[in-house]
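# For reference, the sequence and a predicted model appear below.
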Amino acid sequence: MDVIQYEELIRQRLSQKRFAHSMNVAVESRRLAQRCGADPEKAYLAGVLHDVMKEAPPEEQLKIMEGSGIMLTDVEKGAQKLWHAMAGAVYLQKVLGITDPEVIHAVRYHTTGRENMSLLEQVVFVADFISAEREYDGVEEMRAAAQNGLEEAVLAGLVFTIQDLSQQGKPIHPDSLAAYNTMILARHGE
Ligand code: DGI
Ligand code: FE
Ligand code: FE
């Protein structure tokens, strides 16, 4: 399948609003990739597909994860919003037959981030925060951070999420915390 067919698939699987978001993330991912030396076509593809499972019923998300042997941790069990990233990565492999690990990982880690993210993972992680339709408090700061450099924006995204979740008394995924710690430690080492 080529990317136009994936766009059509996404249009069918998602609401109009989330379809528009996905297309905006794809365009933003391609732009960031061009700037930082990641593969623009892979970035666009990962952007199109990153939320493919977002509106699937939770049972369907669980089923596809279980089918691929993913064992949810307690934090993951308690945070349904994390499922679509894990389930999406499995969907890419099992249903769409996508084999490129870079694209699969960009979808897998687009919500939590993780330590030592590849350029493509960082690109999609950041694009999801600053896509054209986003209008949360702080989005302009996030866009400015992305203007200053990809890593800057990844860190700003992690800080934003960790702050937001802890204020709401929600659990924070260890991958997000590890990514934050590693980036902070690397900074102080400079
Ligand atoms: O799918 P999108 O809405 O475009 O964006 P996303 O995949 O970044 O999902 C954002 C949601 O996921 C948001 O409501 C916060 C939640 N989230 C992100 N990281 C964590 C998290 N929830 C918990 N409990 N723990 C996390 O580490
Ligand atoms: Fe998402
Ligand atoms: Fe998204």
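Here it is on my side, so go on. Ligands and ions are numbered 1, 2, ... in the order given.
# Mind giving me the packing neighbours of the longest helix along the chain?
Ranked by number of residues, the top helix in the chain under DSSP state H is helix 16-36. Secondary-structure packing of helix 16-36 (3 or more C-beta pairs under 8 Å, 6 or more residues apart in numbering; DSSP states H and E): helix 3-13, helix 40-49, helix 119-130, helix 150-167. The way it works is simple: take the backbone N, C-alpha and C, and place the C-beta from them, glycine included.
# could I get these as TSV with mean neighbour count and mean pLDDT?
Below are those laid out as TSV (neighbours: other C-beta atoms under 10 Å; pLDDT from 0 to 100):
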stretch	mean neighbour count	mean pLDDT
helix 3-13	14	98
helix 40-49	24	98
helix 119-130	25	98
helix 150-167	17	97
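# Just send these back as TSV, with distance to residue 30 too.
Formatted as TSV, the helices and strands packed on helix 16-36 follow (distance: least, C-beta to C-beta, whole Å):
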stretch	distance to residue 30
helix 3-13	11
helix 40-49	4
helix 119-130	9
helix 150-167	14
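# For residue 81, which of the ones you listed is the nearest?
helix 150-167 (10.0 Å; C-beta to C-beta).
# could I get the closest one in PDB with only the CA atoms?
Extracted in PDB, the C-alpha atoms of helix 150-167 (Å, rounded to 0.1, in the frame of the first residue of the first chain):
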ATOM      1  CA  LEU A 150      14.100  19.100  18.100                       C
ATOM      2  CA  GLU A 151      15.600  17.900  21.500                       C
ATOM      3  CA  GLU A 152      14.500  21.100  23.100                       C
ATOM      4  CA  ALA A 153      11.000  20.400  22.000                       C
ATOM      5  CA  VAL A 154      11.000  16.800  23.100                       C
ATOM      6  CA  LEU A 155      12.100  17.900  26.600                       C
ATOM      7  CA  ALA A 156       9.400  20.600  26.700                       C
ATOM      8  CA  GLY A 157       6.800  18.000  25.600                       C
ATOM      9  CA  LEU A 158       7.900  15.600  28.400                       C
ATOM     10  CA  VAL A 159       7.900  18.300  31.000                       C
ATOM     11  CA  PHE A 160       4.400  19.400  29.800                       C
ATOM     12  CA  THR A 161       3.000  15.900  30.000                       C
ATOM     13  CA  ILE A 162       4.700  15.000  33.400                       C
ATOM     14  CA  GLN A 163       3.400  18.300  34.900                       C
ATOM     15  CA  ASP A 164      -0.100  17.900  33.500                       C
ATOM     16  CA  LEU A 165      -0.500  14.300  34.600                       C
ATOM     17  CA  SER A 166       1.000  14.800  38.100                       C
ATOM     18  CA  GLN A 167      -1.300  17.800  38.700                       C
END
